[in-house]
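Chemist: what's the 3D shape of this:
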Amino acid sequence: MSNDKAGNFLSNIHDSAYLAKYREPKLDNSTLINTSGREGESLNGRWNFGADWYDTCKRAEWYKENKTNAAGDPEPLDWDWEAWERMAVPACWNLERKELHYFEGNGVYTRTFRYIPKDKTERIILRFEGAAYNTCVFVNGKFIGSHDGASTPFNVDITKFLKTENRIIVTVDARHHPLRIPMDNSDWFYYGGIYRDVFLYRLPAAYIKDWFIRLAGSCAASAGSCAAKTPNGIDADVYIANESDGSIKISIPELGITKEAAVRDGKASFNIDANPERWSPENPKLYEVILNYSSANGTIDEVKDRIGFREISVKGTDILLNGKKIYLKGICVHEDHFELGKTTNEDVIRQTIRDLKEMNGNYFRLAHYPHDARFARIADEEGVLLWEEVPVYWSVAFDSPIAYADAENQLAELVLRDRNRASVIIWSVGNENADTDSRLVFMSKLVQKARELDPTRLVSAACLIDHEILKIEDRLADTLDVIGVNEYYGWYDPDFSKLPKILSNSSPDKPVLICEFGGDARLGERGTEHDLWTEDKQYALYEQQIATMRKCSYIAGTTPWILYDFRCPRRLNRYQELFNRKGLIDADRKRKKPAFYVMQRYYSEIE
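Modeler: Numbers count the residues shown, from 1 in each chain. Prediction:
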């Protein structure tokens, strides 16, 4: 006979598996809607916020707003939405409250909004551009879905849950875990919160969900197998949600193009005879593209996008842009601002691009996660090339199906978000991962996924050098279009003479990008070229790097580490003081170090 009295206790206190009920429905790339060119209704502003240290909102189901017990008596509540402090959205909570600077737990956001339908058949889509890391969404007491990943967008149809007056509750779990992407050990600051924009979109009952428009025949297959193929015309694929049939009209007014196609099984495809002007850094030409959808039931939808047409490919050890060899004159940059953290805005992005152009550069490596979607849009306008990557960083759980699903979904959300952006030329599937069997399988599958979603761009990863045999050697390289190499000779390995040996010992059959090199320098710290942490040491190291790279014909570009100093909790010495100081510009994003001008001169000399 059992004497178990567990029923006498509140179940939420003892339920260690409480998170299971918040795993589905999953908000992932399968539900993602392309919102480019649509007018959204912003939900940004001051939300009520509570730091939920023990995740009690989900444990005790606060979101149901049960204020009385079964007998109708009032309950003593542990939450009080309107009495909570206010938190800016978007913002990183770490920089909004001093006591939350290193908070890596659960935050609860809530606000109300009023909804008046404009059309009785409209669908209301709630869209988050980024929230770190796991986000659960509740509307009017109902759990709507959850999303994993700190840097990619997600959305959910909330139409059936809406009333005239509505309450939205969002829990954001910023905790780190070995099975998450990125894992629980990194070399940058993990910001938390709803740190990118939140919107409502009104869509018709059936609507244009996504589109992919590019030069016809454009291909960037591994080892240059289609590098010689000249794109001819324009290809377009358009995807419709909630309707199988109908028709799509595509118009590009400047090219005098109007063409219509039938929608079958939710998709329409076009091959258009056209010869658009090619987009390039020197000529960032964008065309307005208009898509009109008409369903068999009379539904009408329209979207507009600004799209550049260009080809990126490889031939031997060269990277070709529109069939011509190009040297990628770049720099790495983190999405880390001294005042805003991982939150950004158009002014910050445009200033970042101005700093690159002052360096005579044409290319960014956006490290180590997807940056704000506006970066690629502005880069399209400004004529800047981009490497975009997912945070498969260091030693993730390569044997875990959970970790792989997370990584693949983040990759898919990034590609679907930005595959119409001409500025994006490289998808990167990871950074500095040990060459193990499980890692090879994991990342090879990501390479395959990137090509499945977008065969028109190059795929790369920041690989490691074999420091024992002094050679660029990584099994993953066989699957890549471009080999990325991180090396810190003269800094972490003080024997700089190894670098020319490595470059001489290696004979890659595809382009190599030196996507990290450098050393720390505290702004204003002076000494000899042998004194660590000084501007003089950094300057001399850059001079050595450039002299060595000039002699290597298969290097197709470089992105030294990094443009700006950035926060990093693992950096604890007197010179770094919780910052990585490898920036060529101080954390204030104003004061340049002498090594900046070394890169400026180098890039001015390269065609």
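Chemist: the closest residue to residue 132 other than its chain neighbours and residue 295: what is the separation?
Modeler: Spatially, and ignoring its direct neighbours in sequence, residue 132 is nearest to residue 150 (3.5 Å; CB to CB, 6 or more residues apart in numbering). Every C-beta, even on glycine, is put in place using the N, C-alpha and C of the backbone. Look at residue 150 and residue 295: by CB to CB, to the nearest Å, they are 37 Å apart.
Chemist: which stretches of the stretch 351-500 of the chain form strands?
Modeler: Taking DSSP state E, counting those that start in this stretch as the test, the strands found in the stretch 351-500 of the chain are 363-367, 385-389, 424-431, 458-463, 483-486.
Chemist: tabulate the ones you listed (JSON lines), appending mean pLDDT.
Modeler: Output for the strands of the stretch 351-500 of the chain, formatted as JSON lines (pLDDT from 0 to 100):
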{"stretch": "strand 363-367", "mean pLDDT": "98"}
{"stretch": "strand 385-389", "mean pLDDT": "98"}
{"stretch": "strand 424-431", "mean pLDDT": "98"}
{"stretch": "strand 458-463", "mean pLDDT": "96"}
{"stretch": "strand 483-486", "mean pLDDT": "97"}
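Chemist: residue 308 is nearest to which of the ones you listed?
Modeler: Closest of the strands of the stretch 351-500 of the chain to residue 308 is strand 424-431, at 10.4 Å (criterion: CB to CB).
Chemist: quick revisit: out of the strands of the stretch 351-500 of the chain, the one nearest residue 237 is which?
Modeler: Nearest to residue 237 among the strands of the stretch 351-500 of the chain is strand 424-431 (17.4 Å), distances taken as CB to CB.
Chemist: what mean pLDDT does stretch 299-312 have?
Modeler: Averaging pLDDT along stretch 299-312 gives 96.
Chemist: ends of it, what's the gap?
Modeler: 38 Å (CA to CA, to the nearest Å).
Chemist: follow-up on the earlier one: which of residue 150 and residue 295 has more neighbours?
Modeler: Legend: neighbour count by other CB atoms under 10 Å for residue 150 and residue 295, higher for residue 150 (27 against 20).
Chemist: touching, the more buried one and residue 133? I think so.
Modeler: Yes - judged on CB atoms under 8 Å, residue 150 makes contact with residue 133 at a distance of 4.6 Å.
Chemist: got any residues that touch both of those two?
Modeler: In terms of CB atoms under 8 Å, 6 or more residues apart in numbering, residue 150 and residue 133 are both contacted by the residues residue 174.
Chemist: can you map out the strands along the stretch 501-607 of the chain?
Modeler: Using DSSP E, counting those that start in this stretch, strands in the stretch 501-607 of the chain cover 512-516, 555-558, 566-567, 579-580.
Chemist: with mean pLDDT as extra columns, can I get the ones you listed in a markdown table?
Modeler: Formatted as a markdown table, the strands of the stretch 501-607 of the chain follow (pLDDT from 0 to 100):
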| stretch | mean pLDDT |
| --- | --- |
| strand 512-516 | 98 |
| strand 555-558 | 98 |
| strand 566-567 | 97 |
| strand 579-580 | 96 |
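Chemist: which one of these lies nearest to residue 337?
Modeler: Closest to residue 337 of the strands of the stretch 501-607 of the chain, according to CB to CB: strand 566-567, at 8.8 Å.
Chemist: report all helices and strands that that closest one contacts.
Modeler: Strand 566-567 sits against strand 579-580, with contacts defined as 3 or more CB pairs under 8 Å, 6 or more residues apart in numbering; DSSP states H and E.
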